[in-house]
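**Q** Okay, predicted coordinates and the sequence, questions at the end:
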Amino acid sequence: MAVLPGADAVAQHQSVGFGAGFDYAAGSPHLRHHGLRQRVVEACQRQVAEALARSGRARVLEIGAGHGAFTEHVAALGAEVWVTEMSEASAEVLAARFTHNDRVHVVHDPDGSAAAEVPEVDVVLAISVLHHIPDYLAAVSALLPRIAPGGAFVSYQDPLWYPRRSALSMAVDRGAYMLWRVGRGDLRRGFASVLRRARGAYDESNPSDMVEYHVVRQGVDEDALAALLRPAFVDVRLDRYWSTQAGWLQHLGERVGPATTFGVMATTRLDDRSPG
């Protein structure tokens, strides 16, 4: 039973960072803002619908489902869904939320090994997940054998790789984050986080630094992820877009802001199994 690469570094902070009563929506643009939410929902639903049209069934593995904001949309289409969560508290919320739906299977996954136990699936969803995993490329590679021929891999809401972004893009992004913190009356915490990250100093005992692991690793390399997926799928597409927490800044940024975040849709999994 293989543990997903880098899972231990993340798992040790899950119970603190995403404990009982945690509000996923508060700092999550893809949950807070209708336009971004619909962008993700439609990408997930499209692949489930295609699986249903192709074979009459859709088996979905959703990694790190949080409180099930997207689970409900794919389950409503008739998919059978396995949802994994490192946070025990979040897994309990998921189990309660879907207790009357026997096609949703909730798995508490403290070490990242649960995907190896899930049956073959048609779609893997990783929504706002990859940036939590230190070795996300190895983690995605480990998931690919679970996807049936013709299936899809969809990830969304991960920060673009910092080294390829302009100084203006980074400054606008961090400025938007600070303005959001001001609006929440939480400027001190926001400023402390930004200062630590600007200096490259991270606190391994602080869930804010370790759970949001992309700040240690400088985002997620979207081009490397696409390159990893291309040999396994007929089509791989990147979707780069602006994303920030505050509603008015999201509205403005969608029109004039630089891309900060991305999704990837890899479709039509190739059958690379050896004959016999």
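**A** On my side now, so go ahead. Since this is a predicted model, take the numbers as computed values, not measurements.
**Q** And for the spatially most central residue of the chain, nearest residue in space, chain neighbours not counted?
**A** In the chain, the residue lying closest to the centroid (CA atoms, centre = their mean) is Ser128, at 2.2 Å. Spatial nearest neighbour of Ser128, excluding adjacent residues (CB to CB, 6 or more residues apart in numbering): Gln157 at 4.0 Å. C-betas here are computed from N, CA, C, even on glycine.
**Q** same question, Asp272
**A** Residue nearest to Asp272 in three dimensions, not counting chain neighbours: Ala232, with 6.9 Å by CB to CB, 6+ apart.
**Q** Give me the secondary structure label for the residue nearest to Phe233 when sequence neighbours are not counted.
**A** Nearest residue to Phe233 in three dimensions, chain neighbours excluded: Ala266, at 4.1 Å (CB to CB, 6+ apart). Of the three states, Ala266 takes strand under DSSP: H, G, I helix; E, B strand; the rest coil.
**Q** could you point out where the protein is predicted with low confidence?
**A** Counting by pLDDT under 70, the chain contains low-confidence residues at 1-27, 180-217, 273-276.
**Q** Name the single longest strand found in it.
**A** Of all the elements of type strand in the chain, the one with the most residues (DSSP state E) is strand 147-159.
**Q** just checking, what packs against the next helix or strand after that strand?
**A** For strand 147-159, the succeeding helix or strand toward the C-terminus, using DSSP states H and E, is helix 167-183. If you count contacts as 3 or more CB pairs under 8 Å, 6 or more residues apart in numbering; DSSP states H and E, helix 167-183 packs onto helix 187-199, helix 247-256.
**Q** give me every residue that touches the residue nearest to Ser128.
**A** By CB atoms under 8 Å, 6 or more residues apart in numbering, the contact list for Gln157 reads Ser28, Pro29, His30, Leu36, Val40, Ile127, Ser128, Ser243, Thr261, Gly263.
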